[in-house]
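*Asks:* Attaching a predicted model along with its sequence, questions to come.
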Amino acid sequence: MDSIAHQVCLSADCRATYAADEVQFKCTRCGSLLDVAYDWNRAAVPNDLKFFESRWSTVGRQGQGRLDFSGVWRFRELLPFAEPTEMVTIGEGRTILQQADLLGRELGIKPGHFFLQYEGLNPSGSFKDNGMAAAFTMARRLAYKQVACASTGNTSASMALYASAGSTPDHPVQAIVFVGSGKIAFGKLSQALDYGARTLQIDGDFDDCMKRVQEASAKLNLYLMNSMNPYRLEGQKTIMYRVLEGLDWEVPDWIIVPGGNLGNSSAFGKAWLELKELGLVPRVPRLAIINAAGANTLHTLFNDRGLRWNDGRIDQSLVDDHFHSMDATGYKAKTVASAIEISRPVNLPKALRALAVTDGVVREVDDDTILDHKALIGRYGFGCEPASAASVAGLRLLLEEQVIDKDQRVVCILTGHELKDPDATVRYHVGDEQSSHPQARPHANAPIKVADDLDAICKALSTFE
Ligand code: F0G
């Protein structure tokens, strides 16, 4: 196929190009990340986003209706790197924007102005399926038999699901997962094991796994499925398209997302950049990326060291200095939001571009604040895992700082399902000695122990408000 897609180096001083099918996750000339780029003049891009609404009426029909069932491939004209016949789908991205007035009221936002993009409802329970549909399509197209990733849990669960559901008798694909030995939440580990992934539990953390999986993939010719694979980000762009669709194609004022390896933030920035360049939106929202305080590399570099995108000329010495000082002090990321316990985010440059494109901000929130907001999100009808709650905790902070106004339209991304990490939920409500603030959990809802006796039960019930 004379592809309308190719890959291009992110660095403004290099801009080396590579064919779409070339497997290269970093520029061979300068070591920067690669972007997927398109010759939009040759792509069949509709001139109005409303075009995509018509796809709802063809869902499930023979032929391309199979793709319209997918919240990723429904938007295939905006990520045109594969032929429709090649696109792999397991029903990812069938998630919708939820108006969350009760939680909004708790935060002081006007009714009708606060929304949650509930990505926990994906087939594997997290937003990763959006990106995995795209990257797995590429793995199949390139005829790989083994796919690999490092993970804090959700990437591995998603990749393992695609490898099991996306294998065919004549093209089986094996998933190989690198997880750290400490923190992976049980819900996520159980998925990787159940879907048949070969799982290596490395004696190290996510950053160590990320390094090793790159080395092993290069040496053993495994297809790397982490978000430094630029096709992952193509799939994750569609989260923004669905947000727009949920708002009747009106651009919100703010998008708030937790930041870990910074794949989502990067994908969102690229989505808005392209929509703007294609003339499909009149303006772009502002992006707020929220780090956990115990894993705050982006926050430190962006807010304390002044690191900026600088039109593709990032001051790498600021990054190197920071990483050297982390090494020198033996710093390791540590947070209850295990999904974002990452200190060397591989997509840092792309996230800086996203911040530049959207006039974005970065904040950090501590573990107690994350857990309190997770409980509030659950209380008002939308369960999520701890990392996801960083977005709402960050919103509270930005409202207090008056960076966000209560009249603005705000969308928080709930990245992962509550059942990914039920231990964290139960520990919050029941309390445990490890908790840093065992007494002060304002939204705790512990079970009440009662004797097996009707009078005792009635007495206990009478204490409820
Ligand atoms: N929320 C959840 C639930 C996640 O699993 C992750 C990342 C993030 C947020 C952060 O997203 O990396 O795009 O900035 N989890 C990865 C994993 C690292 O291995 O599952 P990001």
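*Replies:* Happy to help now that I have it.
*Asks:* CA atoms of the helix or strand containing G378 as CSV?
*Replies:* Element membership for G378, per DSSP states H and E: helix 367-379. Provided in CSV are the C-alpha atoms of helix 367-379 (Å, rounded to 0.1, in the frame of the first residue of the first chain):
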residue,chain,number,x,y,z
ASP,A,367,-2.0,10.2,48.3
ASP,A,368,-4.5,11.1,51.0
THR,A,369,-6.1,13.6,48.7
ILE,A,370,-6.2,11.1,45.9
LEU,A,371,-7.9,8.5,48.2
ASP,A,372,-10.4,11.0,49.6
HIS,A,373,-11.4,12.0,46.0
LYS,A,374,-11.6,8.4,44.9
ALA,A,375,-14.1,7.8,47.7
LEU,A,376,-16.1,10.9,46.6
ILE,A,377,-16.2,9.7,43.0
GLY,A,378,-17.5,6.3,44.2
ARG,A,379,-20.0,7.9,46.5
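*Asks:* List the buried residues in it.
*Replies:* Buried residues in helix 367-379, defined by neighbour count with 16 or more other Cβ atoms under 10 Å: D367, D368, T369, I370, L371, D372, H373, K374, A375, L376, I377, G378. C-betas here are computed from N, CA, C, even on glycine.
*Asks:* Make TSV out of those and add pLDDT and distance to the ligand.
*Replies:* Shown next, in TSV, are the buried residues of helix 367-379 (pLDDT from 0 to 100; distance: Cβ to the nearest ligand atom, whole Å):
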residue	pLDDT	distance to the ligand
D367	97	15
D368	96	18
T369	97	16
I370	98	11
L371	97	15
D372	97	18
H373	98	14
K374	98	11
A375	98	17
L376	97	17
I377	98	13
G378	97	15
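*Asks:* what about the closest residue to R15 other than its chain neighbours, how many neighbours?
*Replies:* Leaving aside its chain neighbours, R15 sits nearest to C9 (5.5 Å; criterion: Cβ to Cβ, 6 or more residues apart in numbering). As a burial measure, the neighbour count of C9 was computed by other Cβ atoms under 10 Å and equals 23.
*Asks:* OK, contacts around C9?
*Replies:* If you count contacts by Cβ atoms under 8 Å, 6 or more residues apart in numbering, C9 has them with R15, A16, T17, C27, R29, C30, S32, L33, L34, D35.
*Asks:* Could you report the pLDDT at G381?
*Replies:* Taken from the predicted model, the pLDDT recorded for G381 is 89.
*Asks:* residues contacting it?
*Replies:* Neighbouring residues of G381 by Cβ under 8 Å, 6+ apart: A100, L102, L103.
*Asks:* residues from this protein in reach of the ligand?
*Replies:* Proximity of the chain to the ligand is assessed by Cβ under 6 Å from any ligand atom, with 126, 151-155, 227, 258-265, 339-340, 385, 387-388, 415-416 identified as the residues in range.
*Asks:* In strands, which of these appear?
*Replies:* If you go by DSSP state E, the residues of the chain next to the ligand have S151, P258 in strands.
*Asks:* Among the residues of the chain next to the ligand, which are located in helices?
*Replies:* Judged by DSSP state H, the residues of the chain next to the ligand include N154, T155, G263, N264, S265, A387, S388 as members of helices.
*Asks:* For those, give me TSV that also has distance to A133 and pLDDT.
*Replies:* What follows is those, written out as TSV (distance: Cβ to Cβ, whole Å; pLDDT from 0 to 100):
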residue	distance to A133	pLDDT
N154	14	98
T155	13	98
G263	14	98
N264	15	98
S265	19	98
A387	21	98
S388	20	98
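*Asks:* which residues touch stretch 42-49?
*Replies:* The list of residues contacting stretch 42-49 from outside it, by Cβ under 8 Å, 6+ apart, reads 4, 52, 77-78, 80, 241, 244-245, 249, 275, 278-281.
*Asks:* Let's test this: mean pLDDT of it, rounded?
*Replies:* pLDDT averaged over stretch 42-49 gives 95.
*Asks:* ditto for stretch 99-108
*Replies:* Stretch 99-108 carries an average pLDDT of 97.
*Asks:* Buried residues of the helix or strand where D455 lies, list them for me.
*Replies:* D455 is part of helix 454-462 when elements are defined by DSSP H and E. Within helix 454-462, no residue counts as buried by 16+ other Cβ under 10 Å.
*Asks:* Strands of this protein, start to end?
*Replies:* Under the criterion DSSP E, the chain carries strands at the ranges 5-9, 17-19, 34-38, 97-99, 114-118, 146-151, 174-180, 198-202, 223-224, 254-258, 286-292, 361-365, 410-414.
*Asks:* who does the fifth one pair up with?
*Replies:* Its sheet considered, strand 114-118 pairs with strand 97-99 (antiparallel), strand 410-414 (parallel) by DSSP bridges.
*Asks:* Residues in contact with it: which ones?
*Replies:* Taking Cβ under 8 Å, 6+ apart as the rule, strand 114-118 contacts 95-101, 103-104, 107, 239, 242-243, 246-247, 252, 377, 382, 409-414.
*Asks:* right, and V430 touches N445 too?
*Replies:* No. Look at V430 against N445 with Cβ atoms under 8 Å: they stay out of range, at 9.2 Å.
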